[in-house]
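[1] sequence? don't have it. structure:
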DNA sequence: TTGTACGCGTTATCAT
DNA sequence: ATGATAACGCGTACAA
């Protein structure tokens, strides 16, 4: 492998000049051409290890996810990668397989690898454990939480406005007269699930609709759990007239049930889903909460870039990005039993 | 950041001894304890950049995929990661977004990053372009193709036996009397799609069943294309009595259509799918081709590890891993129109 | 604008 | 078993 020395020798210039050329310094136009030719001829490539040794930067960003098999995350990853690569960073993607031990272990691993920054979608980890990692506590390795937050953590995080998302969605059901509204949520330890549940509870309270615990089914954000939850809801003695799924996978599971049972949406049951159901799947005419995935990705990348540049202004930064309710004809009017209209 | 020097100073030993300790050399038990204590007290961590500079290894493996949003790939990635991490390697995951330019560009990028090895799931790239990358041509950076192959490439590749997979699957239809068999394939430029099509053609020939080009629908491995293809097949003047989808996404799209049209499987139509439909989705009683994902991942990782260890025995190595046909009651008996049994 | 020379933290060779 | 020391390839004062 040719080194900067070889290029210097070939051109008759010094390594300092070559280095300047490589890093965008002032070099005579004639020298530039000469160097470019040498680099091409020799097939010279910078040695990133050597550069890192000097600069203390690896140009690597660690991304730690609960799982790679979740479209929501992989979408965001791809978008972050695009943004970060434009700035010269590449991604070290890690999954902790929704395993608490792996989560903290891999977080430590990433800091050991001297990545320049870390994006974490947390699940089980506690704030104390994070802050016990010296590089993170000393802000040597900037960390940004994405999508989810955890208790007592007061670092940067980029989140969606989950509570408003479900509030506004369920409100649509209510406006159409629904009172028995099924709600399929994820594990309450995960902040997104917890917050989405809050939205549901608040809107019921605001509209003075009695809360029936039976109507809230807890899944684990998987397709199978959404499938199971939907079946449970429909098998209730007094089943809901409307149901909301609160993530992509559980929505898919629930929709599958409606197909299987040959239920027409919205004639037989009203439904609201979550995430890009209509884009990734076929064109299902189902109202969904659209999360600002692009913004989540971009803002996370931008904030991390800022921190990696040493700018700790407005720390800790907490962003709540707005979701969008994409309306489709999946919400039917519900005429109360025993009403004058019956 | 404390360095090896600090540890040496703290312990009164020389840096050479510390280095030996770190790399598993012979060190007195008393010294070991002393060093361990120093490392703990000082919070010393090895500087990987410096180590790389000396060893010429980064302990990074590059993985380049068409997309991260494909369960088949992300599963395999997670499994490879587990295997490689056990050997001390971490993964630099990249997606080329199914973009030809990005594919070659990112492959170059990974070699520039001095990853120790690369796993590539190719799509558009041509063998010549790969071999024009010096590090790869000179076997400095081992490369293993995964899942797909490309023309004229004679390097290592780990593949599934796609042709047998579809041959055996479609054969099941034929055994049950089906003659009009719909087949939803991916882009023929992708080797897996091409090979799966071959299996279909061969089995028809072997059983002397006339080939109707109308029954072969080309999708792009996406859910939407499977959905479209299935609708096209069913709208044919003389529609198939059995249909096979040849990847996970297209299978899902096709199954959606059967739900929408309220077609019962296998009463109204027989169906065979692909990939872990029954595991990731709900428990659909559909016969599927199960790809050896775990083996693909493990063998790819193992082969790459071998190459990275400098062992180029049995090069190039081409593995064809067997798929499994998981039978479920989704294939009905077809009684030919106009037969004695009608 | 260009060159000299040093140091980044580690591994490895060769003594001791 | 341990130590002194020379690389590894690059960036950067500082000098010219």
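    In hand now; what should we look at? For clarity, every value in this text was computed on a predicted model and none was experimentally measured. Residues are numbered from 1 along each chain as shown, chains lettered A, B, ... in the order given.

[2] and stretch A:256-269, is it in reach of chain B?
    Yes - Stretch A:256-269 reaches chain B (Cβ under 8 Å from any Cβ of the partner chain) through A:256, A:259-260, A:262. No exception for glycine: its C-beta is placed from N, CA and C like everyone else's.

[3] Can you tell me what sits against that stretch?
    Stretch A:256-269 is contacted from outside by A:223, A:227, A:230-231, A:234, A:240-243, A:271, A:285-286, A:329-332, B:256, B:259-260, B:262, B:281-282, using Cβ atoms under 8 Å, 6 or more residues apart in numbering or on different chains.

[4] that older thread, from the residues of stretch A:256-269 next to chain B, pick the one nearest residue A:106.
    Distances from residue A:106 to the residues of stretch A:256-269 next to chain B, taken as Cβ to Cβ, are shortest for residue A:256 (33.0 Å).

[5] Tell me, how many residues neighbour that closest one?
    Per other Cβ atoms under 10 Å in any protein chain shown, the neighbour tally for residue A:256 reads 23.

[6] How about residue A:94?
    26.

[7] next one: the one 3 residues further on
    Per other Cβ under 10 Å, the neighbour tally for residue A:97 reads 17.

[8] and if you look at residue A:176?
    Using other Cβ under 10 Å: residue A:176 sits among 16 other residues.

[9] Please report how far it lies from residue A:272.
    Per Cβ to Cβ, to the nearest Å, residue A:176 is found 11 Å from residue A:272.

[10] and what of residue A:266?
    10 Å.

[11] circling back to that earlier point, mutual contacts of residue A:176 and residue A:272, please.
    A:242, A:331.

[12] Where does the residue in the stretch 151-300 of chain A that chain B sits nearest to fall, secondary structure wise?
    Of all residues in the stretch 151-300 of chain A, the one sitting closest to chain B is residue A:259 (3.3 Å; Cβ to the nearest Cβ). In the assignment (DSSP states H and E), residue A:259 maps to helix A:248-260.

[13] Next SSE downstream of that helix?
    That would be, after helix A:248-260 and using DSSP H and E, strand A:270-274.

[14] Now do the same contact list for the closest residue to residue A:20 other than its chain neighbours.
    In this structure, residue A:20 finds its nearest non-sequential neighbour in residue A:27, 5.5 Å apart by Cβ to Cβ, 6 or more residues apart in numbering or on different chains. Contact analysis of residue A:27 by Cβ under 8 Å, 6+ apart lists A:17, A:20-21, A:35.

[15] TSV please, covering these and showing secondary structure, pLDDT and neighbour count.
    Shown next, in TSV, are these (DSSP: H, G, I helix; E, B strand; the rest coil; pLDDT from 0 to 100; neighbours: other Cβ atoms under 10 Å in any protein chain shown):
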residue	secondary structure	pLDDT	neighbour count
A:17	helix	93	22
A:20	helix	92	16
A:21	helix	92	23
A:35	helix	92	23
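
[16] For those, work out which two are farthest apart.
    Using Cβ to Cβ, the two most remote members of these are A:20 and A:35, lying 9.6 Å apart.

[17] Buried subset of the contacts of stretch A:256-269 as a ChimeraX selection?
    Filtering these down to the buried ones (16 or more other Cβ atoms under 10 Å in any protein chain shown) takes a single ChimeraX command:
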select /A:223,227,230,231,234,240,241,242,243,271,286,330,331,332 /B:256,281,282
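
[18] Of the contacts of stretch A:256-269, which belong to helices?
    Restricting these to those inside helices, with DSSP state H as the criterion, leaves A:223, A:227, A:230-231, A:234, B:256, B:259-260.

[19] Residue A:79 is in contact with residue A:297, isn't it?
    Yes - the criterion here is Cβ atoms under 8 Å, and residue A:79 meets it with residue A:297 at 3.5 Å.

[20] picking that back up, would you turn the ones in helices among the contacts of stretch A:256-269 into CSV with distance to residue A:199 and pLDDT?
    What follows is the ones in helices among the contacts of stretch A:256-269, written out as CSV (distance: Cβ to Cβ, whole Å; pLDDT from 0 to 100):
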residue, distance to residue A:199, pLDDT
A:223, 23, 88
A:227, 23, 93
A:230, 20, 98
A:231, 24, 97
A:234, 23, 98
B:256, 29, 84
B:259, 30, 82
B:260, 31, 82
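
[21] outside of stretch A:72-86, which residues touch it?
    Contacts with stretch A:72-86, where a contact means Cβ under 8 Å, 6+ apart, come from A:61, A:63, A:65-68, A:90-91, A:93, A:119, A:121, A:146-147, A:247-248, A:275-276, A:291, A:293-294, A:296-298, A:300-302, A:304-305, B:67-69, B:74, B:94-95, B:97.

[22] I meant stretch A:165-176, not that one.
    With contacts defined as Cβ under 8 Å, 6+ apart, stretch A:165-176 is touched by A:181, A:183, A:196-200, A:202-204, A:207, A:209, A:242, A:244, A:246, A:270, A:272, A:287, A:289, A:291, A:323, A:325, A:327, A:331-334.

[23] Tell me the buried residues in that stretch?
    By neighbour count on 16+ other Cβ under 10 Å, the buried set for stretch A:165-176 is A:165-174, A:176.

[24] repeat for stretch A:302-315
    For stretch A:302-315, the buried set under the neighbour-count rule, 16+ other Cβ under 10 Å, comprises A:302-308.

[25] Of the residues you listed, which is the nearest to DNA strand D?
    Ranked by distance to DNA strand D (Cβ to the nearest atom of the strand), these are led by residue A:308 at 15.5 Å.

[26] I figured the closest one was touching residue A:142, is that so?
    Yes - taking contacts as Cβ under 8 Å, residue A:308 lies within contact range of residue A:142: 5.6 Å.

[27] which residues are common contacts for those two?
    With Cβ under 8 Å, 6+ apart as the test, residue A:308 and residue A:142 both reach A:116-117.

[28] Just give the nearest non-adjacent residue to the residue in the stretch 101-250 of chain A that DNA strand C sits nearest to, would you?
    Taking Cβ to the nearest atom of the strand, DNA strand C has its nearest neighbour within the stretch 101-250 of chain A at residue A:114, 10.4 Å off. Spatial nearest neighbour of residue A:114, excluding adjacent residues (Cβ to Cβ, 6+ apart): residue A:58 at 5.2 Å.

[29] OK, contacts around the nearest residue to residue A:240 once chain neighbours are set aside?
    Excluding its sequence neighbours, the residue lying closest to residue A:240 (Cβ to Cβ, 6+ apart) is residue A:182, at 3.6 Å. Residue A:182 makes contact with A:215-217, A:230, A:233, A:239-240, A:242-244, according to Cβ under 8 Å, 6+ apart.

[30] 10 Å instead?
    Residue A:182 is in contact with A:173, A:212, A:214-217, A:229-230, A:232-234, A:236, A:239-245, A:254, A:269-271, counting by Cβ atoms under 10 Å, 6 or more residues apart in numbering or on different chains.

[31] No further queries at this time; thank you.
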